[in-house]
Structures are given as structure tokens and as C-alpha cells.
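*Asks:* output the structure for:
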Amino acid sequence: MSVPPEHFTVWAEIPVTDLDRAMGFYSKVFAVDLNKDESGPNAKAIFPTAQPGGVAGHLYPGKPAIEGTGATVHFASPDKLETALERVTQAGGKVLSDVRTIPAGRFAYCLDPDGNSISVFSR
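*Replies:* Predicted coordinates:
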């Protein structure tokens, strides 16, 4: 059997119908600046990390799965979980569940404005 990698998940890509609108949503909810990168064949907006090369992902122009049916990406809350969940609604998303407690912390399931399944997580 092989040795597991340091980070099993190395990248997440979230398809969105309007890149600028999605950048606004994720920037507001997670209190970060997303950088638009237009160096490749398609523009993308990259999620920031504290360290260069950190595990993250990006938004890209694409066709999202049918609302709530795709994979769920869990994002770290930058502050109090309930405060971030308020921003989900204010920014045009939906909070789908009550806050759930698990051994690792607390989270709630949400949808972004394109219907992508996400959660906001806090330790």
C-alpha cells in the first residue's frame, strides 16, 4: 500500500455562470479578495491561502451542476460562523441547514448564487 499524500485534495474547481458576480459573492462571504487570473485559455478567480502553494481552488466560467446536486466544497469561515452565514444570504446565496456540530467543528450547508453546494465551516 502506498503512503497517503500530505494533502489528498489538491485543488477544487467551482463552475459559475458569471465570474464577476461569483467573485463578489465569495469575497463578501469569506472576507477575502479573489484574484482574477486571465493567463490561461479561460479566466478564473483564485481563492487565496496564507502560504504560497496552500491548498485552495478557483472559480471558472462553466456550467454548474443542477442546484444542490454537485459535490460540496467546505470553506473555512473567517470569523464567527453565524456571521459568515448571514453574509451568505446577504450576498445572494442560501443557507440550507441548521448549524451542525461534528468532532472537528461546526458547519452549515449552503448554496452559492449558481446553486453550487458549499458549506461554511468553523472549528
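*Asks:* list the contacts of the helix or strand harbouring residue 20.
*Replies:* Assigning secondary structure by DSSP states H and E places residue 20 in helix 19-30. With contact meaning Cβ atoms under 8 Å, 6 or more residues apart in numbering, helix 19-30 is reached by 14, 16, 32-34, 36, 43-45, 47, 59-61, 75-78, 84, 87-88, 90-93, 112-114, 120. Heads up, the C-betas are built off the backbone N, CA and C, glycines and all.
*Asks:* and after it, which helix or strand comes next?
*Replies:* strand 35-37.
*Asks:* which other helices and strands does that following strand contact?
*Replies:* Packing contacts for strand 35-37, counted by 3 or more Cβ pairs under 8 Å, 6 or more residues apart in numbering; DSSP states H and E, involve strand 44-46.
*Asks:* what sits against residue 89?
*Replies:* Contacts of residue 89 (Cβ under 8 Å, 6+ apart): residue 95.
*Asks:* any idea which element it lies in?
*Replies:* Taking DSSP H and E as the definition, residue 89 sits inside helix 81-90.
*Asks:* and the next helix or strand past that helix?
*Replies:* Tracing the chain past helix 81-90, the next element assigned as helix or strand by DSSP H and E is strand 94-95.
*Asks:* next, the angle helix 81-90 makes with the helix holding residue 20.
*Replies:* Inter-element angle recorded for helix 19-30 and helix 81-90: 150 degrees (by axes from the mean of the first three to the mean of the last three Cα atoms, to 10 degrees).
*Asks:* show me what the residue nearest the centre of the chain bridges to in the sheet.
*Replies:* Geometric centre of the chain, nearest residue: residue 75, 5.1 Å, by Cα atoms, centre = their mean. Residues in a beta bridge with residue 75, per DSSP bridges, are residue 120.
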